[in-house]
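**Q** Output the structure for:
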Amino acid sequence: MSTRRVILVVLATLVIFAAGVMTGGLLVRQTTRSVAPPPAHQMFPARFEALRRVTDQLQGLTPDQRAQIDRIIRDGRERIADFFVLFEPDIQDVFRQMREDIRGQLTPEQRQRMEELMRQRPRRPEPPFQARKGLRGDSTN
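**A** Have a look, this model is predicted:
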């Protein structure tokens, strides 16, 4: 086999490999971006709002202090979102087990009433971070 043919075979192999890498990367990107998690401020909204109210009531903050405080709150929201990404599946399991344990303590009539009440509560379309690991929500106000 001539050197020219060997080079062509190697180049063809590299092109095919690169095309596969690009296709795989695009596929992963498409599937992981399908649904974004809720903004971090929707988790523990009362605590973020209380902190915001307190800092808003402080007198004499300079624009630089205000910007730094806003950055601190934004970074805190992102850190909390990161924790939820890591622990949300475990938290969902804990709540699921709690519901099962509570049902085990109820009479059939009480269980039926609990099911009715559970159906009436507002539901999220899906768990907030399931299948979106590594993505951060929009943490701006």
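**Q** For the rest of this, base every contact and every neighbour count on C-alpha atoms.
**A** Will do.
**Q** heading toward the C-terminus, what's the first helix or strand past the helix or strand bottoming out on mean pLDDT in the chain?
**A** Lowest mean confidence among the helices and strands of the chain (mean pLDDT, DSSP states H and E): helix 45-57, at a mean of 80. The helix or strand immediately downstream of helix 45-57 is helix 63-104, counting by DSSP states H and E.
**Q** Return the set of buried residues in the helix or strand following that following helix.
**A** On the C-terminal side of helix 63-104, the closest following helix or strand by DSSP H and E is helix 108-120. In terms of neighbour count (16 or more other CA atoms under 10 Å), helix 108-120 has its buried residues at M114.
**Q** what packs against helix 108-120?
**A** Other helices and strands packing on helix 108-120, by 3 or more CA pairs under 8 Å, 6 or more residues apart in numbering; DSSP states H and E, are absent; none qualifies.
**Q** Okay, now the unreliable bits of the chain?
**A** Along the chain, segments meeting pLDDT under 70 span 30-43, 122-141.
**Q** Show me it divided up by domain.
**A** Here the domain assignment for the chain is 1-34, 39-141, based on automatic domain parsing.
**Q** most neighbours per residue, which of those domains?
**A** With neighbours taken as mean count of other CA atoms under 10 Å, the domains of the chain reach their highest mean count in domain 39-141, at a mean of 13.
**Q** starting at the chain centroid, how far to that one?
**A** Per CA atoms, centre = their mean, to the nearest Å, the displacement of domain 39-141 from the mean C-alpha position of its chain is 10 Å.
**Q** one step back: taking helix 63-104 as reference, get the angle to the least confident helix or strand of the chain.
**A** 160 degrees (axes from the mean of the first three to the mean of the last three CA atoms, to 10 degrees).
**Q** so what does helix 45-57 touch, helix or strand wise?
**A** With 3+ CA pairs under 8 Å, 6+ apart as the test, helix 45-57 has no helix or strand packed against it.
**Q** do that again at 10 Å, thanks
**A** helix 63-104 (3 or more CA pairs under 10 Å, 6 or more residues apart in numbering; DSSP states H and E).
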